[in-house]
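Enquirer: this is a predicted model, with the sequence first.
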Amino acid sequence: MYIYELPYDINKELCRLLDNDDDWKELAGVHMKYSPFDVNEIEQVARRQSESPTNQLFVRWGQLNHRVEELFILFHRMNHIPALRCLAPMVDSRFHRLLNKQDNNNGVKERSHDNHDITQQKVKVQKVVTVSSSSLPLAVKLMEKGIPLATSSRANNFKTTDTNGDSTRNSTTDDSRSDGMNKELLQHASAIPMLRYEDLKEATNNWSESNLLGKGGFGQVFKGEWKLLPVAVKKLLRDNDGKNRELIREMCLNQYRHDNILPLYGYSLGGPEACLVYQLMAGGSLEQRLRGRTGHPPLTWSQRYNIAHGVARGLQFLHTMQGTPLIHGDIKPANILLDQCTMPKIGDFGLARKGPYGEERTHLKVSKVHGTRPYLPNEYITSGLLSPAVDVFSYGVVMIEMATALLALDRNRQTLLLSDYIHQLAGKGIDFASLEDPALDSSARNPALCRMFVHIGVECTARARHERPPLLHVYRRLDAMPR
């Protein structure tokens, strides 16, 4: 059962329990790994809508396809016995061992209105002890140990070398080999629903051309309806190595739940092609919207700002999680998808790679360079130097495109690449406001915001990678930007 399927009475009781003493904040910040910014935003939205902040948290978390079993485990980690008892009827009886264990340990948390007492109690919360019984699902055992699903040290280990040619700490295997790794990853991804190929075939009306949303390097994407949910189904090419790489990367990424990362609903291995099932993004891609291909009116500056802010937020999350950055490697408007409210989600992680590990490492050297040429910096193309600065460069090109609607590669332009062209204009001292997207009529224009977008784009596309700002700085700058 998914979070959004919780019965009303149980959801209401959980909201009552967690609203008390703001326990929902511990759940969100400590256990769901939401940032302080996210927690504050959830609280503000709940206050504006006069609703329970816990309910707002459940809505947001539920949109990322989380299940009640995951929530049950988080309550176990919190030692929140009343919440465990409330949710127990909704989970398989195998999970009840966690509740029984807490009861036996008399682990009920005493709640106090004194902030100091609450802080001390949270510090003293007992660590989860592994349940030895083999009857517990693998996902439960991993989560009880504090191991996120699909975080094997080999999960995204691609063949890379550092600048001295030595193998780095996250370069233990090649992309195209190790069936054992694939099996392990698929096992660790056991929380992701595995779907029948025939069901997906039916959902897309037998892969009807009328439902074809697009084609890419890894396959075709079809619109469909699965269990009354509008979905996008990516049917991967019949190339085993490429199929496995795409499948493994996407399944590993499913652990990194974030509002600005496209969630994976499920996968299929039962047919002639492997398939991945995602949330259908009703707003289309940023590429389609900038080129006027969807029938929507031109994006407003408010929408463009929200897209830039959301993408920066998602990339900053990827670059800073768990001490080892994850580098997307193919940030471009076609891979930035928009929901019905134009909230952006980063998709297509088929080229994602683990970045340099440890503070002393600034980059890796890769043997093969993948991606879309107009969005890649020279040090990556010519020397294979992979670092988060690659995504920063790509993001900068996207920022310029959002402000101007100029093409990243235009063969009718004397300077083909937009990144080179904008630096030439900057050297001439041109007013960037003169480049504002011509699709915007006079009443919708915002020259000041256009200048800011292009200036950020220029900084992010600096030729020297050490001169490009980290995404966290970009995010903070956008956050402080008047709009």
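Expert: Done, it's in. Model, not experiment: these values are computed from the prediction.

Enquirer: quick one: residue 349 is in a strand?
Expert: No: going by DSSP: H, G, I helix; E, B strand; the rest coil, the assignment for residue 349 is coil, not a strand.

Enquirer: surely it touches residue 318?
Expert: No: contact between residue 349 and residue 318 fails when scored by CB atoms under 8 Å: they sit 9.2 Å apart. Just so you know, the C-beta spots here come from the backbone N, C-alpha and C atoms, and that holds for glycine as well.

Enquirer: shared neighbours, those two?
Expert: Common neighbours of residue 349 and residue 318, counting by CB atoms under 8 Å, 6 or more residues apart in numbering, are residue 328.

Enquirer: can you classify residue 362 by secondary structure?
Expert: When classified by three-state DSSP, residue 362 comes out as coil.

Enquirer: where does the stretch 151-300 of the chain dip in pLDDT?
Expert: 151-191, 216-217, 239-256 (pLDDT under 70).

Enquirer: which residues of it fall in helices?
Expert: Using DSSP state H, counting those that start in this stretch, the helices of the stretch 151-300 of the chain run over 179-188, 197-203, 240-253, 286-290.

Enquirer: again, but for the stretch 1-150 of the chain
Expert: Going by DSSP H, counting those that start in this stretch, the stretch 1-150 of the chain shows helices at 8-19, 23-26, 36-48, 53-62, 68-78, 81-87, 96-104, 115-123, 138-144.

Enquirer: for these, give me CSV that also has mean neighbour count and mean pLDDT.
Expert: Formatted as CSV, those follow (neighbours: other CB atoms under 10 Å; pLDDT from 0 to 100):
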stretch, mean neighbour count, mean pLDDT
helix 8-19, 17, 90
helix 23-26, 22, 91
helix 36-48, 15, 79
helix 53-62, 21, 88
helix 68-78, 22, 89
helix 81-87, 20, 90
helix 96-104, 15, 72
helix 115-123, 12, 40
helix 138-144, 19, 41
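
Enquirer: so which of those is nearest residue 329?
Expert: Closest to residue 329 of the helices of the stretch 1-150 of the chain, according to CB to CB: helix 36-48, at 25.4 Å.

Enquirer: what's the angle from that closest one to helix 53-62?
Expert: Inter-element angle recorded for helix 36-48 and helix 53-62: 120 degrees (by axes from the mean of the first three to the mean of the last three CA atoms, to 10 degrees).

Enquirer: going forward can the numbers begin at 702, since that is how I track them
Expert: With the count now opening at 702, the last piece we talked about shows up as helix 737-749.

Enquirer: what comes into contact with helix 737-749?
Expert: 726, 729, 730, 735, 753, 754, 756, 757, 758, 761, 960.

Enquirer: same thing but at 6 Å, please
Expert: Residues outside helix 737-749 that contact it (CB atoms under 6 Å, 6 or more residues apart in numbering): 726, 729, 730, 754, 757, 758.

Enquirer: pick out the most distant pair among these.
Expert: Maximum pairwise distance in these, criterion CB to CB, is 14.2 Å, between 730 and 757.

Enquirer: list the contacts of residue 938.
Expert: For residue 938, the contact set (CB under 6 Å, 6+ apart) comprises residue 920.

Enquirer: quickly note the distance from it to residue 913.
Expert: Residue 938 sits 15 Å away from residue 913, going by CB to CB, to the nearest Å.

Enquirer: what's the neighbour count on residue 1079?
Expert: Other residues within reach of residue 1079, judged by other CB atoms under 10 Å, total 13.

Enquirer: now the strands for the stretch 952-1101 of the chain?
Expert: Listed in chain order, the strands of the stretch 952-1101 of the chain (DSSP state E, counting those that start in this stretch) span 965-969, 976-980, 1027-1028, 1037-1039, 1045-1047, 1054-1055, 1065-1067, 1086-1087.

Enquirer: closest one to residue 1112 among those strands?
Expert: That would be strand 1037-1039 among the strands of the stretch 952-1101 of the chain, by CB to CB, at 23.5 Å.

Enquirer: let me see the ranges of the helices in the stretch 1002-1151 of the chain.
Expert: Ranges of helices within the stretch 1002-1151 of the chain are 1002-1021, 1079-1084, 1089-1105, 1119-1128, 1148-1161, based on DSSP H, counting those that start in this stretch.
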